[in-house]
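J.: Take this sequence and fold it.
(chains A and B)
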Amino acid sequence: MSKLKKYVEESKNTKSPDLEIIDRGVSNLSDNPAFFELSHVTRLTLTHNKLTTIPAAITNLYNLEILNCFNNHIKELPQTISSLAKLKIINVGMNKLSALPRGFGAFPVLEVLDVTYNNLNENSLPANFFHLDSLRALYLGDNDFETIPPEIGKLKNLQILVLRENDLVAIPKEIGELQRLRELHIQGNRLTVLPPEIGNLDLVGSRQAFRGENNPWVTPIADQYQVGVSHVFDYIRTETYKFLYGRHMAADAPPPPKTADKSKKISRLG
Amino acid sequence: MSLTTTPRPPNPMRLQSLSERNESGLFQRRRLHANEPEGQNNTQVPDQLLAGIREMGPQPDINAGASVPGFPLTNGIGSDMSMGIGVCRRCGEGFGQHQQIVNSNGEVWHPQCFVCAQCFQPFPEGIFYEFEGRKYCEHDFHVLFAPCCGKCGEFVVGRVIKALNNSWHPDCFRCQLCAGPLADSGFVKNAGRALCRDCNAKEKARGLGKYVCHKCHSIIEEGHIKYKGEAFHPYHFNCNSCSIELNADAREVNGELYCLRCHDKMGIPICGACRRPIEERVVHALGKAWHVEHFVCAKCEKPFFGTRHYEKKGLAYCEIHYHQLFGNICFTCNSVISGDVFHAFNKAWHVNHFACSICDRKMSQKTKFFEFDLKPVCKFCYDKFPGELKKRLKKAYDEQNKK
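T.: Next up, the predicted model:
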């Protein structure tokens, strides 16, 4: 705690826009009210600490543009957090979040949201989550999503979508509406087919990325993936695939079982 | 349509005058007409038989007689001689001893009988017009018989232009486009309008979407050239350099016309986009010359119009699309990178914005970093990752490299 006090004093004196408190074992910010007077700070990095919560008073740091709390023990975020009107990048990856607070979608200019490695699923998202149409990158890797709400199609500015190592059994066709998407990570899920609408996207090329390995793909997709991503996209754009996809969806086969053992994830511990 | 002129109808009656010294203006005009050669019959032709313009002489049977009571008749019969003259032309009665007699063209009237057949009033200034045996005052004659001008609505006295089912003063009958007089040059009917020949040709060409040659005034069927702002048949001109007869590919340079061959040999730059010579502002870029409006972004195809462009692999791009395509938008601050760029994982950073995505600590060209969801992670942070995650990442990394 005295360490935190030292950082607060220093920031107060230097008026530096950046405040980094990394790997200092900080567990509580509320103990030091002076911390919330540092309204000049635009970037706050609290990576590798032991915070269990972010106090509602974080909104006093109204100039914040970047908030990084990667690898803490945070179980929930305050509802007030979305009133940080200048926040562009928020990284709360590797915490113990099982939900995002109500009204989380109200950030006016949020561009990057990183909630990698938490305990989130489709029921953890607040109703207004997909109002975040300023988002250009959404990192949901290492969580527990089985489905993605079709409202994802509203995030028109999304360029990067990471769904790596969730429990996804299907991808909504609305992802095909994300015209600006250039990175899609869906490796390590329970996906068997891709909606043909994904063929609308341009994810093949040196400036794009598509990662789909470690899924129980239907044989034709698995075969194409062996040869290369471009072959997968050429294939799902064919009439043959559209027909196969329609038949596959009509058959309504049960999704493949969960295979990943997540019990060792540190987000689950404690 | 042709213009027909019928002979001027002669006046059937001679002017009867009481006094040569007391003529009104109209009187004098009448006299001039009356003195024109006689011997022709009144060749008044019904209007409907004439197509187009018919030129008419003065109004039919315009006569001026004058009878001023108490004024001696020079060419008539004096009142004292009335007994031997006979009866009034109108009432059929004789004349008293001292009664005044009006004598006109060998016939006699009581003064009170010598009146307008329409209004029964004496003739003002003694001027009357005769038509089909009846005499009218000037006003009533005009009302009854004189045509009205189709333009100004006034009575037409003298020469009448009959055209388009209407009558006109010669001076009122003009081309409806250029307002040039048509009375003597003839006209062409075009969509119910009277036009001069030039205007008609232009109208016709306009209707066909064609130009009219400014020199020969005929329609240019195909291939015109523009010279000093007007359209011409190319064959009216020769190349200023090789004297060959021009065709539609000819070009005007500094007020002179050249065939395309000579024109292209004059050292005029050729646009890199449309391959045609550039006659106005030239943009030099990418080792070529361009029409200002043809030098465009290879992505959005909007002209730069002098704004900054970015070159890549022989193509030019606007700032937005250059950065969008070639990725020089900083992943951290989302703004265009104008200086040095740090590239990694299909992304770009400002050199001073390139940092570990976990702890935000700056990294340099020499710093070793790991990849995590295509983001850079410094070794310190990577080591902090839980073992099970590192294991998964290593496995994925190994699989990737097997391929």
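
J.: can you pull the contacts of B:Thr220?
T.: For the record, residue B:220 is Ile, not Thr. In this structure, B:Ile220 makes contact with B:205, B:210-213, B:231-233, judged by CB atoms under 8 Å, 6 or more residues apart in numbering or on different chains. To be clear about C-beta, it is placed using only N, CA and C from the backbone, and glycine gets the same treatment.

J.: what about the closest residue to A:Lys3 other than its chain neighbours, helix or strand, and which?
T.: Distances taken as CB to CB, 6 or more residues apart in numbering or on different chains place A:Arg24 nearest to A:Lys3, at 5.1 Å, with adjacent residues excluded. Per DSSP states H and E, A:Arg24 falls between elements, in no helix or strand.

J.: A:Arg24 touches A:Leu4, doesn't it?
T.: Yes: counting by CB atoms under 8 Å, A:Arg24 does reach A:Leu4; the two are 7.4 Å apart.

J.: Just want to know which of these two has more residues nearby.
T.: Higher neighbour count among A:Arg24 and A:Leu4: A:Leu4, with 21 against 16, using other CB atoms under 10 Å in any protein chain shown.

J.: quick one: contacts for that one?
T.: So A:Leu4 contacts A:21, A:24, A:26, A:29, A:31-32, A:35 (CB under 8 Å, 6+ apart).

J.: try 7 Å this time
T.: A:21, A:26, A:32, A:35 (CB atoms under 7 Å, 6 or more residues apart in numbering or on different chains).

J.: and if you look at A:Gln224?
T.: A:Gln224 neighbours (CB under 7 Å, 6+ apart): A:231-232, A:235.

J.: On the three-state scheme, it is what?
T.: helix (DSSP: H, G, I helix; E, B strand; the rest coil).

J.: so where's the stretch 1-150 of chain B uncertain?
T.: Regions of the stretch 1-150 of chain B meeting the criterion pLDDT under 70 cover residues B:1-85.

J.: need the residues of the stretch 101-250 of chain A near chain B, please.
T.: A:111, A:116, A:136, A:139, A:141, A:162, A:164, A:183, A:185, A:207, A:209, A:213 (CB under 7 Å from any CB of the partner chain).

J.: my read is A:Thr47 is in a helix, agree?
T.: No: the assignment for A:Thr47 by three-state DSSP gives coil, which leaves it out of any helix.

J.: Just the buried positions in stretch B:378-395, please.
T.: In terms of neighbour count (16 or more other CB atoms under 10 Å in any protein chain shown), stretch B:378-395 has its buried residues at B:378, B:381-382, B:384-386, B:389, B:392-393.

J.: Helices - which of these land there?
T.: Using DSSP state H, the subset of the buried residues of stretch B:378-395 located in helices is B:381-382, B:384, B:389, B:392-393.

J.: Export these as TSV, with columns for distance to chain A.
T.: Below are those laid out as TSV (distance: CB to the nearest CB, whole Å):
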residue	distance to chain A
B:Cys381	7
B:Tyr382	12
B:Lys384	6
B:Leu389	7
B:Arg392	7
B:Leu393	10
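
J.: Name the nearest residue to the residue nearest the centre of chain B, sequence neighbours excluded.
T.: For chain B, B:Leu177 is the residue whose C-alpha lies nearest the centre (CA atoms, centre = their mean; 7.6 Å). Nearest residue to B:Leu177, sequence neighbours excluded (CB to CB, 6+ apart): B:Cys199, at 4.1 Å.

J.: just to revisit the earlier point, among the residues of the stretch 101-250 of chain A next to chain B, name the ones in strands.
T.: Among those, DSSP state E puts A:139, A:162, A:183, A:185, A:209 in strands.

J.: Can you give me every residue that contacts the last one?
T.: This points to A:Ala209. A:183, B:346, B:374.

J.: shouldn't the last one be in contact with A:Gln187?
T.: No: contact status for B:Leu374 versus A:Gln187: not in contact, 11.7 Å apart, counting by CB atoms under 7 Å.

J.: is it true that B:Trp168 touches B:Cys148?
T.: No: contact criterion CB under 7 Å: B:Trp168 and B:Cys148 do not qualify, at 9.5 Å.

J.: pull the CA atoms of stretch B:115-124 into CSV?
T.: The C-alpha trace of stretch B:115-124 is given here as CSV (Å, rounded to 0.1, in the frame of the first residue of the first chain):
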residue,chain,number,x,y,z
VAL,B,115,-73.5,59.3,-94.2
CYS,B,116,-71.8,56.1,-93.1
ALA,B,117,-73.8,52.9,-93.9
GLN,B,118,-73.0,51.6,-90.4
CYS,B,119,-73.3,54.5,-88.0
PHE,B,120,-75.4,56.9,-90.1
GLN,B,121,-73.1,59.8,-89.1
PRO,B,122,-71.5,62.1,-91.6
PHE,B,123,-68.0,61.2,-92.6
PRO,B,124,-65.4,62.8,-90.4
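
J.: residues of that stretch that come out buried?
T.: Quick answer for stretch B:115-124 (16+ other CB under 10 Å): B:115-117, B:122-123.

J.: Tell me which stretches of chain A form helices.
T.: A:2-14, A:219-227, A:229-236, A:239-251.

J.: swap that for the stretch 101-250 of chain B, sorry
T.: B:138-145, B:197-207 (DSSP state H, counting those that start in this stretch).
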